[in-house]
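Undergrad: Task: produce atomic coordinates for the following.
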Amino acid sequence: MKYTVSRNNDLFDDIFDNMFRTPTTYNQAVMKTDVHEKDGKYILEVEIPGYKKEDVKISLFNGTLTINAEHNETNEEKDAKGRILRQERYSGTCSRSFYVGDAIKDTDVKASFENGILKIEIPTEQKKEEETKKFIDIL
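TA: All right, here's what the predicted structure looks like:
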């Protein structure tokens, strides 16, 4: 199984990383992953703290399973007259890809999300198509 990690950077990320970001914030973008093999399946446990189930998308294309997470948040504080005293915005995306093989279909992949952990199950062996008797037309 091969994998790649990508992190979408803003123009000022490098400048402000050390000043405003904690190591935890940086690690969230990396999507730490544990891979286990059990009962003929690969089990991937991906840590995506701070994201909700609705923020996460999983796709399978040309044998590559890709996990994308995108989160946007706005915090706004107003005084009694409705004037904004403080407004903060956070936007973050992260992505991780795993090559699982061309024989794996989307229906073979099972996923669940609970408490910031995305759990994905993928069969380790390629499923063989059932042998069925095929008839050849006589022209």
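
Undergrad: make it CA atoms for all contacts and neighbour counts henceforth
TA: OK.

Undergrad: By mean pLDDT, point me to the weakest helix or strand of this structure.
TA: helix 13-20 (a mean of 44; mean pLDDT, DSSP states H and E).

Undergrad: could you pull out the helices for this protein?
TA: 13-20, 23-30 (DSSP state H).

Undergrad: Average pLDDT for the last one, rounded please.
TA: Averaging the model's pLDDT scores along helix 23-30 yields 47.

Undergrad: Surely Asp34 is in contact with Leu118?
TA: No - the pair Asp34 / Leu118 is not scored as a contact, 10.5 Å apart, by C-alpha atoms under 8 Å.

Undergrad: Tell me which of the two has more neighbours.
TA: Neighbour tally, Asp34 and Leu118, criterion other C-alpha atoms under 10 Å: the higher count belongs to Leu118, 20 against 11.

Undergrad: Excluding sequence neighbours, find me the nearest residue to that one.
TA: Of all residues not flanking Leu118 in the chain, Val46 sits nearest, at 5.0 Å (C-alpha to C-alpha, 6 or more residues apart in numbering).
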